[in-house]
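Q: What shape does this take:
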Amino acid sequence: MKKLLVVTFLVCSVVAAKQGYNMPSFSYFDINVDGKISQAELEEGRANRMNKNAQDGKMLRNAKNAASFSDIDTNGNGYISKDEFEAHQNTMKAK
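A: Numbering: from 1, shown residues only. You can find the predicted model right below:
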């Protein structure tokens, strides 16, 4: 019984830890490697990711509900900084 509880706990821990594992990194979207993400880069990165997942037989969950560029660009300067990107990712992980 004790072993079963330990195994159950470990499995639940791994599942919980992997909930955000498939989230792309900042560098995935920073296509021109200038340290910021433009709206065009975000759109291109999303399209590439959707195509890749479709080829792998996977679909993006809630793709139609993806945050808009302006939702992530919280300071409104026309670019997403690494800090803004990470804040958005953390918000998504918390949901």
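Q: so which strand or helix has the closest residue to residue 32 other than its chain neighbours?
A: Closest residue to residue 32 apart from its sequence neighbours, by CB to CB, 6 or more residues apart in numbering: residue 41 at 7.0 Å. For glycine as for every other residue, the C-beta is placed from the backbone atoms N, C-alpha and C. Under the criterion of DSSP states H and E, residue 41 resides in helix 39-55.
Q: what helices or strands is that helix leaning on?
A: The contact analysis (3 or more CB pairs under 8 Å, 6 or more residues apart in numbering; DSSP states H and E) places helix 39-55 against helix 26-29, helix 69-72.
Q: Could you export those as TSV, including distance to residue 54, mean pLDDT and mean neighbour count?
A: Shown next, in TSV, are the helices and strands packed on helix 39-55 (distance: least, CB to CB, whole Å; pLDDT from 0 to 100; neighbours: other CB atoms under 10 Å):
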stretch	distance to residue 54	mean pLDDT	mean neighbour count
helix 26-29	17	96	16
helix 69-72	22	96	15
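Q: Reformat the ones you listed as CSV; add distance to residue 58.
A: Shown next, in CSV, are these (distance: least, CB to CB, whole Å):
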stretch, distance to residue 58
helix 26-29, 16
helix 69-72, 23
